[in-house]
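Colleague: I would like the atomic coordinates for the input below:
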Amino acid sequence: MKRVLMILCILVSLQSCKKSDDTPPAPEGANLVFPLENSECTTGVSVNEALSQVTFEWQASANTDSYTLNVVNLETNIPQTISTAATQASLSIEKGTPFSWSVTSLNSNTDQVATSSTWLFYNAGAQTNYAPFPAQLVSPISGSTVQKSLSNEVLLEWSGADVENDIVSFQLFFADQNPPETSAGTLDAETMELSVAVLSDTIYYWRVITTDEQGNTSDSGVFDFKVF
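Modeller: Coordinates of the predicted model:
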């Protein structure tokens with residue numbers, strides 16, 4: 001009898017361990033479909049003079065039972081979000097305005113999430129040419145603390161894009177005051193990084209102004225970081 005009870009206890013213990021190790025798989029990131037990256041979206045349905053309704057589409061991702069669509073007005077940095085179990089969703093957004101969008105994949109059986117890549121687009125308006133997309137500041141991440149190099153420098157990196165692919169320059173502003181008003185240099189359209197001299201235990205601010213062939217400009221907004 002004791003042997004039977006011992007076997008039962010072992011079986012229960014093994015089953016418990018199996019259940020605790022049986023964690024649900026994390027969702028995978030969705031592949032974006034439309035609006036296309038760095039494009040002008042002309043398919044929106046006009047709502048009024050200021051807004052049009054755009055339908056965002058993406059591919060289904062594995063281990064996912066719902067999605068959150070994230071759309072950000074790049075002129076105001078105001079986000080809009082919508083949750084759905086489908087692989088498309090519609091939002092009314094401003095005409096003639098640059099946006100970024102991404103999709104977060106979720107699974108109700110786990111707290112883990114996955115985020116797609118982020119695409120930029122212009123929602124079509126009355127204009128015939130468009131300012132460049134605001135530069136996306138990549139590194140250092142805003143609010144982060146970084147280590148300077150042996151030469152007392154930090155490398156600033158960003159990315160730029162334009163519907164008409166006619167960017168001519170990036171002007172970097174960098175300072176230890178906000179907003180940064182000191183130009184650290186103007187670079188050509190192919191150069192999207194610059195090393196800047198820094199001091200330890202100091203907070204720095206930076207932004208990038210992008211200019212295209214028509215003289216249109218866009219402002220990245222200000223990022224900050226602290227140096228060890």
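Colleague: Show me the residue sitting in the middle of the chain in space.
Modeller: For the chain, residue 118 is the residue whose C-alpha lies nearest the centre (CA atoms, centre = their mean; 4.7 Å).
Colleague: Now do the SS call for the nearest residue to that residue once chain neighbours are set aside.
Modeller: Leaving aside its sequence neighbours, residue 118 sits nearest to residue 102 (CB to CB, 6 or more residues apart in numbering; 4.4 Å). Every C-beta, even on glycine, is put in place using the N, C-alpha and C of the backbone. What DSSP: H, G, I helix; E, B strand; the rest coil gives for residue 102 is strand.
Colleague: Residue 102 contacts residue 115, doesn't it?
Modeller: Yes. Contact criterion CB atoms under 8 Å: residue 102 and residue 115 qualify, at 5.9 Å.
Colleague: what are the ranges of the helices in this protein?
Modeller: Taking DSSP state H as the criterion, the chain contains helices spanning 2-21.
Colleague: Distance check, residue 172 against residue 207.
Modeller: 8 Å (CB to CB, to the nearest Å).
Colleague: Could you do residue 225 as well?
Modeller: 12 Å.
Colleague: Equivalent analysis for residue 33, please.
Modeller: Distance from residue 33 to residue 207, by CB to CB: 32 Å.
Colleague: more crowded one of those two?
Modeller: residue 207 (23 against 14; other CB atoms under 10 Å).
Colleague: How about the more buried one: which residues does it bridge to?
Modeller: Beta-bridge pairing for residue 207 (DSSP bridges): residue 173.
Colleague: So it sits against residue 222, correct?
Modeller: Yes. Look at residue 207 against residue 222 with CB under 8 Å: they come within range, at 4.8 Å.
Colleague: Now the common contact residues for those two.
Modeller: 179, 180 (CB atoms under 8 Å, 6 or more residues apart in numbering).
Colleague: so where is the chain shaky, pLDDT-wise?
Modeller: Counting by pLDDT under 70, the chain has low-confidence residues at 1-21.
Colleague: circling back: who's more crowded, residue 102 and residue 115?
Modeller: The neighbour count for residue 102 versus residue 115, taken as other CB under 10 Å, is higher for residue 102 (19 against 14).
Colleague: if I look at the more buried one, how far off is residue 70?
Modeller: For residue 102, the distance to residue 70 - CB to CB - is 5 Å.
Colleague: just residue 41 next, same as before
Modeller: Residue 41 is 16 Å from residue 70, by CB to CB.
Colleague: now swap in residue 40 and tell me
Modeller: 20 Å.
Colleague: Repeat that for residue 186.
Modeller: Residue 186 is 32 Å from residue 70, by CB to CB.
Colleague: And residue 29, by the same measure?
Modeller: Distance from residue 29 to residue 70, by CB to CB: 13 Å.
Colleague: Common neighbours of those two, please.
Modeller: residue 103.
Colleague: what is residue 194 paired to in the beta sheet?
Modeller: residue 156.
Colleague: burial of it, as a residue count?
Modeller: Residue 194 has 19 nearby residues by other CB under 10 Å.
Colleague: tell me which residues of stretch 37-56 are tucked away?
Modeller: Of the residues in stretch 37-56, those buried by neighbour count under the rule 16 or more other CB atoms under 10 Å are 38, 40, 41, 44, 51, 52, 54, 56.
Colleague: which one of residue 186 and residue 70 has more residues nearby?
Modeller: Ranked by neighbour count (other CB under 10 Å), residue 186 and residue 70 place residue 70 first, with 18 against 13.
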